[in-house]
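# Below: sequence and its predicted model.
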Amino acid sequence: MAEKANLKITGMSCAACATKIEKGLKSLDGVLDANVNLAVEKTTVIYDPDKINICDMEKKIEDIGYGVIKDKVELALMGMSCASCADLKYKLKSCYAKL
């Protein structure tokens with residue numbers, strides 16, 4: 001099932017910037033649609049979470065030469081008692097720099 005993500009973008013100065021980001025995002029496998037709003041410096045992406053994640057989209061935007069304002073996320077992980085639990089922490093950490 002498709003999901004929607006809203007990403008805040010920095011560094012855009014014209015419509016060509018917005019078009020470049022849209023094309024870059026749409027080139028990713030799993031991105032179904034992407035629309036960039038230059039005025040509010042935001043993109044709305046419809047994507048298949050089984051094929052791509054938000055971190056991949058953020059990386060693509062950064063690789064193109066723009067910035068992404070990332071929301072701060074704090075998670076309290078309790079009850080971790082096995083290797084599967086530690087694996088979850090690793091997967092989360094690979095997407096977000098700090099837990």
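On my side now, so go ahead. Numbers count the residues shown, from 1 in each chain.
# what residues are up against the nearest residue to Lys26 once chain neighbours are set aside?
Distances taken as Cβ to Cβ, 6 or more residues apart in numbering place Ala34 nearest to Lys26, at 5.3 Å, with adjacent residues excluded. (Glycine included, C-beta is placed from N, CA and C.) Each residue near Ala34 by Cβ atoms under 8 Å, 6 or more residues apart in numbering is listed here: 21-22, 25-26, 43-46.
# Could you do Thr44 as well?
4-6, 34-35, 37.
# Restricted to strands, list these.
4-6, 34-35, 37 (DSSP state E).
# most surrounded residue in the residues you listed?
Ala34 (23 neighbours; other Cβ atoms under 10 Å).
# what's the spacing between that residue and Met1?
18 Å (Cβ to Cβ, to the nearest Å).
# and if you look at Asn53?
In terms of Cβ to Cβ, Asn53 sits 15 Å off from Met1.
# Looking at the two, which one has more neighbours?
Asn53 (17 against 5).
# What separation is there between the more buried one and Val68?
Asn53 is 13 Å from Val68, by Cβ to Cβ.
# try Lys59
For Lys59, the distance to Val68 - Cβ to Cβ - is 9 Å.
# Which of those two has more residues huddled nearby?
The neighbour comparison of Lys59 against Val68 (other Cβ under 10 Å) goes to Val68, with 18 against 13.
# any low-confidence regions in this protein?
For the chain, the stretches flagged by pLDDT under 70 are 72-75, 77, 85-86, 89-99.
# which residue ranges form the strands in it?
3-10, 31-37, 42-47, 67-69.
# could you dump the ones in strands among the contacts of Thr44 to JSON lines with distance to Met78?
Formatted as JSON lines, these follow (distance: Cβ to Cβ, whole Å):
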{"residue": "Lys4", "distance to Met78": "30"}
{"residue": "Ala5", "distance to Met78": "27"}
{"residue": "Asn6", "distance to Met78": "29"}
{"residue": "Ala34", "distance to Met78": "37"}
{"residue": "Asn35", "distance to Met78": "39"}
{"residue": "Asn37", "distance to Met78": "39"}
